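Participant: Quick one, structure for this:
(chains A and B)
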Number of protein chains: 2
Amino acid sequence: MSEATKPIRLTDEQRLDWLRLIRSQNVGPRTFRALVNHFGGAQAALEALPGLARRGGGSGAPQVYSRDEGLREIRATQKLGARFVAIGEADYPRRLQMIDDAPPLITVRGHAAVLTMPLLAIVGSRNASAAGAKITQRLVHGLAEAGFAIVSGLARGIDAAAHRASLEAGTVAVLAGGQDRIYPPEHIDLLDAILPAGVALTEMPLGWEPRARDFPRRNRLISGLALGVIIVEAAKRSGSLITARLALEQGREVFAVPGSPLDPRAEGTNSLIKQGATPVTEAADIIAVLQPIMGLEMPAREPEREEEMAGALPVEPAPDERSRIVGLLSPTPVSIDDLIRLSQSSPRVVRMVLLELDIAGRLERHGGGLVSLL
Amino acid sequence: MSEATKPIRLTDEQRLDWLRLIRSQNVGPRTFRALVNHFGGAQAALEALPGLARRGGGSGAPQVYSRDEGLREIRATQKLGARFVAIGEADYPRRLQMIDDAPPLITVRGHAAVLTMPLLAIVGSRNASAAGAKITQRLVHGLAEAGFAIVSGLARGIDAAAHRASLEAGTVAVLAGGQDRIYPPEHIDLLDAILPAGVALTEMPLGWEPRARDFPRRNRLISGLALGVIIVEAAKRSGSLITARLALEQGREVFAVPGSPLDPRAEGTNSLIKQGATPVTEAADIIAVLQPIMGLEMPAREPEREEEMAGALPVEPAPDERSRIVGLLSPTPVSIDDLIRLSQSSPRVVRMVLLELDIAGRLERHGGGLVSLL
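Facilitator: Have a look, this model is predicted:
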């Protein structure tokens, strides 16, 4: 393991700062990363938030998650038997940390060792057919024999079939809400059955009721954890196809189970196959594709800077620099590299101005280093 | 149209010679071509047959189809409403003449104009499911709207569904036996329904009862006539998969309809898709692939030489030449080009020795100019 990938280990105080920062207003995973890298740590970033928002043109001070709120969440999470794992720590899932918008903190409950196994995601229709459930079961058994554990979303239908078939081999349920807000509620028993040899994992705060838009967001973790995603039955415009798209963006393999053109539950999977997904009728089809990948070392992610002495030098843009940089932005995403080139400002200054806009709630960070005005 | 592709038109006498030659012992389509090209015409080749067989080490004189037999077959074929079309003639299907082992003579019955339409082959299980028949019907209707006519093998199941759906748009039934030996017999009515806007086509003699081995042989004509082959439902080791393989060898597109992994009738088609066949759920999938190909001029096939003055100069191998060439042959196929190089004999001499072996029943001609000893 190279120096760059040596795991970090947060102190309790640092973990609290990380939690406060990621739970603060206008701070998502990409902004979190930019802040910590810019200011050298979460504590310094937290202190900088109000000033950033003001200079970025925010209408008021950003809501910063308080120490008390953070401590309460950590205690309640522990009480539930779950714990926080930070990106870069030894227990953070290796593949997940490679995705562009990896959550800086996740909570994990259950048998965490399953996260070190090679993982494959299986997703599909909520109103699965009996045949779909049977195919899922067959695939899972074949994959379990080959040493894979399974990731899915605890939904009805294919997800549930995938979890049930992998209770012994190991299974990861990725939640769209908090660890105490299991959806759908009738799968609380299934989750209990999962935990002895598997885990429940989420980036959402305790008490968070999942809303519709949290599911696509969650789906990026399902694909991000896995070497590949297998879609078993999916209608034309379904959440499973979103997961497939995210998987492609993350460089994961996409597998799809073919079905009859007369079966509406196969429209999505057949369409994926037409677009180049690997058709799968048995576990061997998947293993054949993954075998050569599994041996490869994962590229190292540059860790967040969280060093005691990493305090950032203050950067103050020249009077017209800020407005010149803002003037280069629009609702059309543009790359930060292009901004630096076009503005002729230093990278540090450009990044600072972007952080200001970000914390003021005026910037959106996309994948691939793209930003746009909101 | 270039000089080389200008259609030929056989005289009645030449047609009779062609028929006699292709019906003679040990003369298949490849040997026919080699003979006509070597001797300049079918008549000269017919005269040369006994001498070739003798020099090639045949155990006796080859059975040459007599003038009387030929005349009888031509008359009976005409009586049935069918007629002979020779390769290179205007009515011979353009794409079929490009395949390596195109039959020198075919008989065509019905509405021959259908053979000038863009053709697509549809084949599949004899014990088709209702779903398979319905999908076939859907595809055919979509393809008919786009101006395609359909080729198939008149078998039970998918073949019959494909023909029935294309009765109006035009359909080509390729027979494994003679025009008067329809298989299966219960499809005689279907064939009658095909003929007003379609054709029955075969290379086999009148009165020929199709044997098991005639079906794979016939399948090369199904794929050879078409721009591509669509396989709808096929079990693991089925005739449809042979057609798919032949189609690939002929450079035709292969399309397959996906199905559930639990459906044994989809094992063959799913397996084709895994191997790279284009998955198809609707006609548009096929049209999208073929549109760019259809505009292209087909490469010209060098026509058989059938010229009044094209008599070949006699070629007599030197005493040790024949045995040297035979010594280079074995049951492992070798290319004629390599034989010419290795033997250091002239191409004409090598080809002559091969013809001798061929007519003596000792040589097999494979695709791609390969030959082997029997």
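
Participant: Retrieve the pLDDT associated with the residue sitting furthest away from the middle of chain A.
Facilitator: In terms of distance from the mean C-alpha position of chain A, residue A:319 ranks first, at 37.7 Å (Cα atoms, centre = their mean). Model confidence at residue A:319, given as pLDDT, is 75.

Participant: now the one 5 residues further on
Facilitator: According to the per-residue confidence, residue A:324 scores 90 in pLDDT.

Participant: Confirm for me that it is in contact with residue A:345.
Facilitator: Yes - Residue A:324 is within contact range of residue A:345, at 7.4 Å (criterion: Cβ atoms under 8 Å). Backbone N, C-alpha and C define where each C-beta goes, glycine included.

Participant: which residues are common contacts for those two?
Facilitator: Here residue A:324 and residue A:345 share no contacting residue, scored by Cβ atoms under 8 Å, 6 or more residues apart in numbering or on different chains.

Participant: So for these two, which sits in the more crowded spot?
Facilitator: Using other Cβ atoms under 10 Å in any protein chain shown as the criterion, residue A:324 and residue A:345 rank with residue A:345 on top: 21 against 15.

Participant: The more buried one touches residue A:325, doesn't it?
Facilitator: Yes - with contact defined as Cβ under 8 Å, residue A:345 reaches residue A:325; the gap is 6.3 Å.

Participant: intersection of neighbour lists for the two?
Facilitator: When Cβ under 8 Å, 6+ apart defines a contact, the residues bordering residue A:345 and residue A:325 alike are A:317, A:353.

Participant: Using CSV, write out every CA atom in stretch A:265-272.
Facilitator: Extracted in CSV, the C-alpha atoms of stretch A:265-272 (Å, rounded to 0.1, in the frame of the first residue of the first chain):
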residue,chain,number,x,y,z
ARG,A,265,-40.6,-5.9,-16.9
ALA,A,266,-37.9,-6.7,-19.4
GLU,A,267,-38.1,-3.5,-21.4
GLY,A,268,-35.5,-1.8,-19.3
THR,A,269,-33.1,-4.7,-19.2
ASN,A,270,-33.4,-5.5,-22.9
SER,A,271,-32.8,-1.8,-23.6
LEU,A,272,-29.7,-1.8,-21.4
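
Participant: I'd like the average pLDDT over that stretch.
Facilitator: In this model, stretch A:265-272 has a mean pLDDT of 96.

Participant: what comes into contact with that stretch?
Facilitator: For stretch A:265-272, with Cβ under 8 Å, 6+ apart as the criterion, the contacting residues are A:125, A:127-129, A:132, A:231-238, A:240-241, A:244, A:254, A:256-261, A:277, B:258, B:260, B:279, B:281.

Participant: Check these for burial and list the buried ones.
Facilitator: Buried by 16 or more other Cβ atoms under 10 Å in any protein chain shown: A:125, A:128-129, A:132, A:231-235, A:238, A:240-241, A:244, A:254, A:256-261, A:277, B:258, B:260, B:279, B:281, out of these.

Participant: Which of those residues fall in strands?
Facilitator: By the criterion of DSSP state E, membership of the buried ones among the contacts of stretch A:265-272 in strands covers A:231-232, A:254, A:256, B:279.

Participant: Select, from those residues, the two members most distant in space.
Facilitator: Within those, A:232 and B:279 form the most distant pair, 16.3 Å apart (Cβ to Cβ).

Participant: Point out where chain A drops to low pLDDT.
Facilitator: A:1-5, A:295-314 (pLDDT under 70).

Participant: any idea which helix is longest in it?
Facilitator: As assigned by DSSP state H, the longest helix anywhere in chain A is helix A:130-145.

Participant: name the helices or strands packed onto that one?
Facilitator: Counting contacts by 3 or more Cβ pairs under 8 Å, 6 or more residues apart in numbering or on different chains; DSSP states H and E, helix A:130-145 is packed against strand A:119-124, strand A:149-152, helix A:158-165, strand A:228-232, helix A:283-294.

Participant: what pairs with the fourth one, and is each one parallel or antiparallel?
Facilitator: Put plainly, it is strand A:228-232. strand A:119-124 (parallel), strand A:253-256 (parallel) (DSSP bridges).

Participant: Single out the most deeply packed of these.
Facilitator: Of all those, strand A:119-124 has the most neighbours on average by mean count of other Cβ atoms under 10 Å in any protein chain shown, namely a mean of 30.

Participant: Tell me the span between the first and last residue of stretch A:187-204.
Facilitator: Counting by Cα to Cα, to the nearest Å, you get 18 Å between the two ends of stretch A:187-204.

Participant: What parts of the stretch 251-374 of chain A come near chain B?
Facilitator: By Cβ under 8 Å from any Cβ of the partner chain, the residues of the stretch 251-374 of chain A that approach chain B are A:257-263, A:266-267, A:270, A:273-274, A:278-282, A:285.

Participant: Look up how far chain B lies from the nearest residue to residue A:65 once chain neighbours are set aside.
Facilitator: Take residue A:65 and drop its neighbours on the chain: the residue closest to it by Cβ to Cβ, 6 or more residues apart in numbering or on different chains is residue A:23, 3.8 Å away. Separation of residue A:23 from chain B (Cβ to the nearest Cβ, to the nearest Å): 44 Å.

Participant: Could you pull up the residues touching residue A:23?
Facilitator: With the criterion set at Cβ under 8 Å, 6+ apart, residue A:23 makes contact with A:65, A:69-70, A:73, A:205.

Participant: and the residues you listed, which are buried?
Facilitator: Neighbour counting with 16+ other Cβ under 10 Å marks A:65, A:70, A:73, A:205 as buried within these.

Participant: residue boundaries of the strands in the stretch 251-374 of chain A?
Facilitator: Secondary structure of the stretch 251-374 of chain A (DSSP state E, counting those that start in this stretch): strands located at A:253-256, A:278-279, A:334-335, A:363-365, A:370-373.

Participant: ok, residues contacting the fourth one?
Facilitator: Put plainly, it is strand A:363-365. Applying Cβ under 8 Å, 6+ apart, the contact partners of strand A:363-365 are A:28, A:30-31, A:34, A:56, A:329, A:333, A:354, A:357-358, A:371-374.
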